[in-house]
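>>> sequence and predicted structure below; questions after.
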Amino acid sequence: MHLNLQKILLLLLTALTLLVIFSGCSNDISSDKNTDGDESKISIAVSILPEKEFAESVGGEKVNVNVLIPPGSSPHTYELTSGQLKSLAETDIYAVTGSGIEFELAWMDKIIDLNPDMVVVNLSDGISLLKNEGESAGTDPHIWLSPKNAKIMSENICNALIRMSPESEQYFRDNLHEYEKKLDSLDENIRVALSKREDEYVMVYHPAWSYFARDYSLNLISVEVDGKEPSPSELAELIDKAEINNIKVIFASPEYSTKSAEVIAKTVSGKIVLIDPLSGDYIENMESVARAFSSE
């Protein structure tokens, strides 16, 4: 009896040991699968949040997208962290906006030196760039604020993904086609919303909306020019323009000061309305911007 009890206890101990061993093996296998799954995805870096939607819409489940400039930061002044530089050293594709954003001009050479094997795709390829307002040389970098441009940028991402993974070409092209249909619908919705405002004047604080204004026949008056607040005489001229054109709304961006815009709005008995050129939800944000412009 005593011997049988010892055998039973030994068997139970053996069973428990095997259970622990196999359970550990099972967890290890699951962990390996998850890691392999992540590593099998194409890693893409983009500069700004709107481009994240472009890349994810085309790449779908085959990509991981990393945004370099976080929400609330300015593409004109942002500096990469050491953690971001480490991540870029292992990135497959950098989808650079390519239209003259100061961040990219400052960091591009360092990023390429860090990861010379990384594929760099210029999202501005095929887009007709507008010149900056004011006396500063260069081009207006805000190309994404046009659904037509967004289609070209998405196609450039698609071509880079096909280059990286040619066996998935049809998958990427199908995704691109579906997203282009959404952008076409967005373009039409904005056109209808702004149809009654063609050739009218709109006042914005930061000159980010030139491509949008070009597409939908708006005339922009910018408060800030060449990255500078207006002088007292320039502020007076802006107030005169607002009064002459019956402007009662000054559109400002969340990441910039609104002091000068507030002076103008108060003088003309108007108001400030915030519109975000860097929102992550591109289509929804652009529809919101169109509603704001149409209801001035």
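Looks like it arrived, so ask away.
>>> list the contacts of stretch 282-296.
Residues from elsewhere that reach stretch 282-296, judged by C-beta atoms under 8 Å, 6 or more residues apart in numbering: 50, 53-54, 144-145, 147, 150, 182-183, 186, 189-190, 193-194, 196-197, 202, 212, 218, 247-249, 251, 273, 275-276, 279. For every residue, glycine as well, the C-beta is placed using N, CA and C.
>>> ok, now stretch 77-90?
43, 45, 66, 68-70, 94, 102-103, 106-107, 110-111, 114-115, 118.
>>> could you identify the most distant pair in those?
Greatest spatial distance among the contacts of stretch 77-90 (C-beta to C-beta): Ser43 and Glu102, at 24.5 Å.
>>> list the contacts of Ala55.
Contacts of Ala55 (C-beta under 8 Å, 6+ apart): Ile44, Val46, Val63, Val65, Ala95, Ile157.
>>> which of these are buried?
Among those, those classed as buried by 16 or more other C-beta atoms under 10 Å are Ile44, Val46, Val63, Val65, Ala95, Ile157.
>>> the fifth one belongs to a strand, doesn't it?
Yes: inclusion of Ala95 in a strand is indicated when DSSP: H, G, I helix; E, B strand; the rest coil is applied.
>>> how near is the nearest residue to Glu53 once chain neighbours are set aside to Leu130?
Nearest non-adjacent residue to Glu53, counting by C-beta to C-beta, 6 or more residues apart in numbering: Tyr282, 4.4 Å away. From Tyr282 across to Leu130, the span is 20 Å (C-beta to C-beta, to the nearest Å).
>>> for the two, indicate the residue with more neighbours.
More crowded of Tyr282 and Leu130, by other C-beta atoms under 10 Å: Tyr282, with 22 against 17.
>>> next, the nearest residue to Leu129 once chain neighbours are set aside: phi, psi?
Nearest residue to Leu129, sequence neighbours excluded (C-beta to C-beta, 6+ apart): Thr139, at 4.1 Å. As for Thr139, its main-chain torsions (degrees, to the nearest 10) stand at phi -110, psi 160.
>>> ok, Ser154 next?
According to degrees, to the nearest 10, Ser154 has phi -70, psi -40.
>>> around it, count how many other residues there are.
Ser154, neighbours per other C-beta under 10 Å, totals 23.
>>> quick revisit: give me the subset of the contacts of Ala55 lying in helices.
For these, membership in helices holds for Ile157, with DSSP state H as the criterion.
>>> tell me the one among the contacts of Ala55 nearest to Ala208.
Ala208 has its nearest neighbour among those in Val46, at 17.6 Å by C-beta to C-beta.
>>> report pLDDT for the closest residue to that closest one other than its chain neighbours.
Closest residue to Val46 apart from its sequence neighbours, by C-beta to C-beta, 6+ apart: Ala95 at 4.9 Å. pLDDT recorded at Ala95 is 98.
>>> can you pull the contacts of Ala95?
Applying C-beta under 8 Å, 6+ apart to Ala95 gives the contacts Ile44, Ala45, Val46, Ser47, Glu51, Phe54, Ala55, Val121, Leu123, Asn156, Ile157, Ala160.
>>> distance of it from Ile152?
12 Å.
>>> who touches both of these two?
Counting by C-beta under 8 Å, 6+ apart, the residues touching both Ala95 and Ile152 are Leu123.
>>> just to revisit the earlier point, inside strands: which ones of the contacts of stretch 282-296?
Assigned to strands by DSSP state E, the following of those qualify: Val202, Val249, Phe251, Val273.
>>> just the buried residues from the residues you listed, in ChimeraX please.
Remark: buried members of the ones in strands among the contacts of stretch 282-296, expressed as a ChimeraX selection using 16+ other C-beta under 10 Å:
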select :202,249,251,273
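>>> any idea which of the ones in strands among the contacts of stretch 282-296 is closest to Glu39?
Phe251 (43.9 Å).
>>> surely the closest one touches Tyr201?
No: the pair Phe251 and Tyr201 fails to qualify as a contact (C-beta atoms under 8 Å) at a distance of 11.9 Å.
>>> mind listing which of the contacts of stretch 282-296 are in helices?
Those of these lying in helices (DSSP H): Pro50, Glu53, Phe54, Pro147, Ala150, Lys182, Leu183, Leu186, Asn189, Ile190, Ala193, Phe212.
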